[in-house]
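> here are the coordinates; sequence isn't available:
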């Protein structure tokens, strides 16, 4: 294993994920873009952090950032949670943690905060207890191409589930594969060095999420991925494709593995900042302001039992079951790029 890792380092000493693949359609929200603009220029563009997994309404939240790298996402989240919020940034590379900590004071001043609300921890994303994170103590966990790099995905996702409060949310942007790579492909320096070796097969991700406690999760958007590195494109072989996906998962005891019909309706009040006309739960549920929408019990819990609950009026309960929910959602699947 050490020999393989050394080969990888030699082959891709200077290359990052963004040098290997191109992902279409990725744009930060207006709030996230404002925070990004206040960061040092060399921190804003990070090829190891291609996505922007920042949900709305984070003010005052405790947020864990998995795989914080140079700190970009942690600092953006810091601005979004405000001075009353807290960021715990997990990063396994000591040099990245050191660089991020060096930028703390400058960024805190740029945000106009009296003191920093970001705590960087040099540990692995597979063991959040090493960072002192207790069970059920976190509002939101975000991950930006971090889970796919871990060979221990079940451990990572189980830890996320453990630390979240009931009604807490997990937001992940990651790259997924349409098949399982064989050992020879994974060992190829062009694949491993490009950080594509551990990219998860999408159906294995679904199975692993269930094992970790997530009976149901949603895709928020899909993004076309092109393998632009010639060696990596050759090594992956014909028929192997990649896709970028935003995932949202809610920790809730009432969420089931399938959509069930209880005759419930949910109505959005239009008062979440940045979402005056509609609120997107996922890629096929768009709640238009003041328009009741028929929803399955899972979708109902994902809005009513989370921090968004104050902005949704739910009619109906779980007393009468009418069987499996038919067609779920009110819009077509969103594919960017």
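Arrived safely, thanks for sending. Remember, it's a predicted structure, so these values are computed and weren't measured experimentally. Numbers count the residues shown, from 1 in each chain.

> Just list the residues touching residue 300, thanks.
Applying Cβ atoms under 8 Å, 6 or more residues apart in numbering to residue 300 gives the contacts 262, 264, 266, 314, 316. Using the backbone N, CA and C atoms, a C-beta is placed for each residue, glycine as well.

> And the strands in the stretch 151-300 of the chain?
Using DSSP state E, counting those that start in this stretch, the strands of the stretch 151-300 of the chain run over residues 164-177, 218-227, 242-250, 264-268, 278-280, 286-288, 293-295.

> So which elements touch the fifth one?
Meaning strand 278-280. When contacts are defined as 3 or more Cβ pairs under 8 Å, 6 or more residues apart in numbering; DSSP states H and E, strand 278-280 packs onto strand 286-288.

> Which strands or helices does the strand it packs on pack on?
Secondary elements touching strand 286-288 (3+ Cβ pairs under 8 Å, 6+ apart): strand 264-268, strand 278-280.

> What ranges does this protein have for its helices?
Along the chain, counting by DSSP state H, helices occupy 2-11, 17-20, 30-37, 41-44, 72-81, 94-111, 153-163, 183-187, 189-192, 202-212, 230-236, 297-304.

> Let me know which of the ones you listed is the nearest to residue 120.
helix 94-111 (4.9 Å; Cβ to Cβ).

> Can you check what angle separates the closest one from helix 30-37?
Counting by axes from the mean of the first three to the mean of the last three Cα atoms, to 10 degrees, helix 94-111 lies at 110 degrees to helix 30-37.

> List the buried residues for helix 94-111?
Using 16 or more other Cβ atoms under 10 Å as the burial criterion, the residues of helix 94-111 that qualify are 96, 97, 99, 100, 101, 103, 104, 107, 108, 110, 111.

> how far away is the second one from residue 243?
The spacing between residue 97 and residue 243, counted by Cβ to Cβ, to the nearest Å, is 31 Å.

> Kindly report the same for the third one.
As for residue 99, its distance to residue 243 is 31 Å (criterion: Cβ to Cβ).

> For residue 81, find the nearest of the strands of the stretch 151-300 of the chain.
Short answer: strand 164-177, nearest of these by Cβ to Cβ, at 13.5 Å.

> So which bits of that closest one are buried?
In strand 164-177, counting by 16+ other Cβ under 10 Å, buried: 164-165, 167-177.

> who does it touch, helix- and strand-wise?
For strand 164-177, the packing partners by 3+ Cβ pairs under 8 Å, 6+ apart come out as strand 138-144, helix 202-212, strand 242-250.

> Mind doing that once more with 6 Å?
With contacts defined as 3 or more Cβ pairs under 6 Å, 6 or more residues apart in numbering; DSSP states H and E, the packing partners of strand 164-177 are strand 138-144, strand 242-250.

> Mind listing residues that contact that strand?
The contact list for strand 164-177 (Cβ atoms under 6 Å, 6 or more residues apart in numbering) reads 51, 53, 55, 136, 138-145, 147-148, 160, 199-202, 225, 242-251, 305-306.

> With stretch 100-120 instead?
Contact partners of stretch 100-120, identified using Cβ under 6 Å, 6+ apart, comprise 38, 70-71, 74-75, 78-79, 83, 85-89, 97.

> for those, which one is nearest residue 230?
So of the contacts of stretch 100-120, ranked by how close each gets to residue 230 (Cβ to Cβ), first place is residue 70, at 27.3 Å.

> How many neighbouring residues does that closest one have?
Using other Cβ atoms under 10 Å, the number of residues around residue 70 comes to 23.

> what's near enough to touch it?
Going by Cβ under 6 Å, 6+ apart, residue 70 touches 43, 46, 96, 99, 100.

> wait, doesn't the third one sit right on residue 71?
No. In this structure, residue 96 sits apart from residue 71 without contact. The criterion is Cβ atoms under 6 Å, and the distance is 7.4 Å.

> Common neighbours of those two, please.
Contacts common to residue 96 and residue 71, judged by Cβ under 6 Å, 6+ apart, are absent.

> now residue 40: how far from residue 216?
Distance, residue 40 to residue 216, by Cβ to Cβ: 40 Å.

> Of the two, which one has the most company?
residue 216 (21 against 14).

> That one touches residue 299, doesn't it?
No. Between residue 216 and residue 299 there is no contact under Cβ under 6 Å: 9.3 Å.

> So in this structure, where's the weakest helix or strand by average pLDDT?
Lowest mean confidence among the helices and strands of the chain (mean pLDDT, DSSP states H and E): helix 2-11, at a mean of 44.

> if I pick residue 33, what's in contact with it?
If you count contacts by Cβ under 6 Å, 6+ apart, residue 33 has none.
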